[in-house]
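Visitor: Model the structure of this input:
(one chain, ligands or ions: 1)
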Amino acid sequence: MKFSELAKYRQSVRDYEDRPLEKEKINRCIESTRLSPSANNAQPWKFIVVDEPKLKNEVASAVSGGGMNKFSAQAPVIIAVVLEKRDVLSSIASVMQNKEYSLIDVGIAVNQFCLQAADLGLGTCIIGWFNEKKVKKLLNVPCGKRMPLVITMGYSKSPIRNKTRKPIEEMSSWNKY
Ligand SMILES: Cc1cc2nc3c(=O)[nH]c(=O)nc-3n(C[C@H](O)[C@H](O)[C@H](O)COP(=O)(O)O)c2cc1C
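Guide: Below you'll find the model as predicted:
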């Protein structure tokens, strides 16, 4: 797919086919994610692939606990994204610049993951609203670490939607604000 087509094709998928996902496709998404840029090349992330059905269902239930994101139960795979420690340089830069570089890094990597998945014909949904404490416990993530996002993944049942977005003149300008 051309990148411009891929950008349109990638959408949040909340309806999945009951069909297993090939490990090679998941590995290709991980490999592309490994190439993501990050501040000072800190790569402050770890992606946990949850595909063991019982565990995946337990994670899905922690993701949809509050009633939101119930669709996660349908996804054959859930990826949990752990925020890893930044290196010293990017920690110092974050303080000096008052910018949380590691969260920016994780956002970029997660998008790279989702775009690669879309290119392989897979649907994903980034999820930020979930019971982080429960998911971390299920996956043995040390309690001092944060898990900003999870991603549901599978074959999509949804048709491609038109995107609702701000107009170009509102979200961009040339030369001045
Ligand atoms: C950081 C982040 C958190 C999100 N959290 C959720 C979520 O908890 N549940 C959900 O259904 N979608 C979630 N989304 C998906 C957004 O709702 C979606 O990207 C947005 O509405 C644009 O739609 P599109 O992805 O289909 O283009 C999240 C997206 C991002 C980037």
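Visitor: mind listing what the closest residue in space to Ala118 that isn't next to it in sequence touches?
Guide: Spatially, and ignoring its direct neighbours in sequence, Ala118 is nearest to Arg10 (4.0 Å; CB to CB, 6 or more residues apart in numbering). From N, CA and C alone the C-beta is placed, and that goes for glycine too. When contacts are counted by CB atoms under 8 Å, 6 or more residues apart in numbering, Arg10 touches 114-115, 118, 124.
Visitor: Ok, Ile160 next?
Guide: 8-9, 11.
Visitor: And it, what's its pLDDT?
Guide: Looking at Ile160, its pLDDT is 96.
Visitor: likewise Gly67?
Guide: Per-residue pLDDT puts Gly67 at 83.
Visitor: part of a helix, is it?
Guide: No. Counting by DSSP: H, G, I helix; E, B strand; the rest coil, Gly67 is not found in a helix; it is coil.
Visitor: Neighbours of it, how many?
Guide: Using other CB atoms under 10 Å, Gly67 has 6 neighbouring residues.
Visitor: Need the phi and psi values for it.
Guide: The phi/psi pair for Gly67 (degrees, to the nearest 10) reads phi 100, psi -20.
Visitor: now it: how far from Pro37?
Guide: In this view, Gly67 and Pro37 are 36 Å apart by CB to CB, to the nearest Å.
Visitor: how about the residues of this protein that lie near the ligand?
Guide: Contact residues, the chain versus the ligand (CB under 6 Å from any ligand atom): 11-12, 14, 69, 125-129, 149, 163.
Visitor: With secondary structure and neighbour count added, can I get these in TSV?
Guide: Below are the residues of the chain next to the ligand laid out as TSV (DSSP: H, G, I helix; E, B strand; the rest coil; neighbours: other CB atoms under 10 Å):
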residue	secondary structure	neighbour count
Gln11	coil	18
Ser12	strand	15
Arg14	coil	18
Asn69	coil	19
Cys125	strand	21
Ile126	strand	17
Ile127	strand	23
Gly128	coil	10
Trp129	coil	13
Leu149	strand	23
Lys163	coil	9
